[in-house]
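Peer 1: sequence and predicted structure, then a few things I'm wondering about:
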Amino acid sequence: MHRTDPGFDSSPVALDLHATLDAVLRHVLAVSLVVLALVPAARGHHEALGWLPMWLLGMPAVALWALRGCPLPVARGGVPARATGAAWTRRVGPQARRRGRRVSPVRPVRAA
């Protein structure tokens, strides 16, 4: 939930927990970046865990993004990046129909 959502708990305890979790996730991201840069084994694959960079960098980054309310990237001018492209419009008119297939006339087979 985002801070502007009506269901968001704005009590001091919830805000303190939110700020603490945000700080912890940012710290985990910084440490995991250093570990991935300096320890070659951290860039590999573990039998039980799978691909380690996903757990060291990807999962904390997604958790931080979700904690902040899943904000979308913003382009220049304050407009969301997705809204800057051409707007899709709906086609007007009937649905397209298949064309009738021409059936070639059957020619009798001649014996040689």
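Peer 2: Thanks, I have the structure now. From a predicted model like this one, the values you see are computed outputs, not experimental measurements.

Peer 1: any weak-confidence spans in this protein?
Peer 2: Residues of the chain meeting the criterion pLDDT under 70: 1-10, 78-88, 112.

Peer 1: can you tell me which helix in this protein is longest?
Peer 2: helix 12-38 (DSSP state H).

Peer 1: after that one, which helix or strand is next?
Peer 2: Sequence-wise, the next helix or strand downstream of helix 12-38 (DSSP states H and E) is strand 45-46.

Peer 1: what pairs with that next one, and is each one parallel or antiparallel?
Peer 2: Strand pairing for strand 45-46, using DSSP bridges, gives strand 50-51 (antiparallel).

Peer 1: if we look at the helix or strand just after the strand it pairs with, which residues are touching it?
Peer 2: Later in the chain than strand 50-51, the nearest helix or strand by DSSP H and E is helix 52-53. Under the contact criterion C-beta atoms under 8 Å, 6 or more residues apart in numbering, helix 52-53 has outside partners 36, 42-46. Just so you know, the C-beta spots here come from the backbone N, C-alpha and C atoms, and that holds for glycine as well.

Peer 1: got TSV for those residues, with neighbour count too?
Peer 2: As requested, these are exported to TSV (neighbours: other C-beta atoms under 10 Å):
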residue	neighbour count
36	15
42	17
43	13
44	10
45	9
46	11
